[in-house]
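Asks: pasting a predicted model and its sequence here:
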Amino acid sequence: MKYKVLDTLKALTTQGEIVLLPGQIITLPHDKAITLLNENKITPAEQVAYRVYSEILQTHLWVVETDKDMHSLRSQGVTEAIYTQKEISEIKKLPKESLGDIHQVKATFPESTIQKTKKRHTNERQGGQ
């Protein structure tokens, strides 16, 4: 699959070490790309939508690159919760216990988006200050 480099990378190839610059398009096998995707060093160069099963949430959900991709899936009749890569980056900062509440909102309000997350203290969640 083809990916766009987001951050300068050094890569070992059969020809030796090369430097990959932001904006370059590269081809990588999925197993090699996963780590770089998780580190936000690369992004898919093609429109991609992944349907994944979340063990934490015990349900399927979709992960896409942009809001445009989300709207495209909705227009194709997809009713499951859809998250953009930016939203995934935000919710990765939260404790696992918060994910169910966020997912319930995404599932109930299909056009909702996650703009920014903030960790709550335990007493705030229970209505205290």
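Replies: Structure received. Numbers count the residues shown, from 1 in each chain.

Asks: ok, the residue positioned nearest the centre of the chain - contacts?
Replies: The centroid of the chain falls nearest to residue 85 when counting by Cα atoms, centre = their mean (2.8 Å). With contact set as Cβ atoms under 8 Å, 6 or more residues apart in numbering, residue 85 has these partners: 43, 63, 64, 65. C-beta coordinates here come from the backbone N, C-alpha and C atoms, glycine included.

Asks: need the next SSE after the one helix or strand the first one maps to, C-terminal direction.
Replies: The reference is to residue 43. Taking DSSP states H and E as the criterion, residue 43 maps to strand 42-44. Along the chain past strand 42-44, the next helix or strand (assigned with DSSP H and E) turns out to be strand 49-54.

Asks: how is the protein divided into domains?
Replies: The chain breaks down into these structural domains: 2-44, 49-108 (assignment by automatic domain parsing).

Asks: picking up where we left off before, can you give me phi and psi for the residue nearest to the centre of the chain?
Replies: Summarising the backbone geometry of residue 85 under the convention degrees, to the nearest 10, its torsions are phi -60, psi -30.
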